[in-house]
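[1] please work out how this folds:
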Amino acid sequence: MINYVIWLIAGAAIGSLAALILRDRKALLRNVFLGIVGVILSGYLLAPLLHLGTINQQDFNFPALLVALVVTMVLLAIANSVRFFRNRPVSKAVLESKWVQVRSQVGTRWNKLSKEDVDEIDGKYDRFIAVIQKRYGCGREQAEEQLQGYLKAITRKA
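    This next block holds a predicted model:
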């Protein structure tokens, strides 16, 4: 039982250390969780393959600790790349290609836009951003966030 507690503590510490090395301090809980997963993976899978003991075997097993750190760094890198691809912006060309679909739904999403505004937009991304800014009195970044969220939603449905 004490071995599992040591693995949890070591995993939390390794997850935090890996996040510091990779300069990823955004999601502490995720980093700690991935550290624990990294310690468990390295202890059960890699330690026997590399003929190392686990981190809590003997007095202190530094090589096993390094393997756990490397595994955790790889897990963090994978998690960050998945987050990057999920959060990347939708291409501006998507608006033009789906303009017929978007045009009919613009009034329900942005009720302050008039028919003239929709005609002015004509499927052009930058025009759409400018019209949202003008009608809603928000900055470019906020208008772009709104439009990107909408485009992501309609591309997921298709």
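
[2] could you tell me the average pLDDT over stretch 113-132, please?
    Per-residue pLDDT over stretch 113-132 has a mean of 92.

[3] thought Ile21 was touching Val74?
    No: using C-beta atoms under 8 Å, Ile21 makes no contact with Val74, being 11.9 Å away. No exception for glycine: its C-beta is placed from N, CA and C like everyone else's.

[4] and the helix or strand of the chain with the lowest mean pLDDT, what's buried?
    Every helix and strand in the chain was compared by mean pLDDT, DSSP states H and E; the lowest is helix 47-49, with a mean of 76. Neighbour counts over helix 47-49 (16 or more other C-beta atoms under 10 Å) mark Ala47 as buried.

[5] tell me what that helix is packed against?
    The contact analysis (3 or more C-beta pairs under 8 Å, 6 or more residues apart in numbering; DSSP states H and E) places helix 47-49 against no helix or strand.

[6] swap in 10 Å and give it another go.
    Applying 3 or more C-beta pairs under 10 Å, 6 or more residues apart in numbering; DSSP states H and E, we find helix 47-49 packed against helix 62-87.

[7] what mean pLDDT does the helix it packs on get?
    The pLDDT scores in helix 62-87 average 79.

[8] Ile40 sits in which helix or strand?
    Element membership for Ile40, per DSSP states H and E: helix 28-41.

[9] quick check: angle from that helix to helix 62-87?
    Note on geometry: by axes from the mean of the first three to the mean of the last three C-alpha atoms, to 10 degrees, helix 28-41 and helix 62-87 are set 130 degrees apart in direction.
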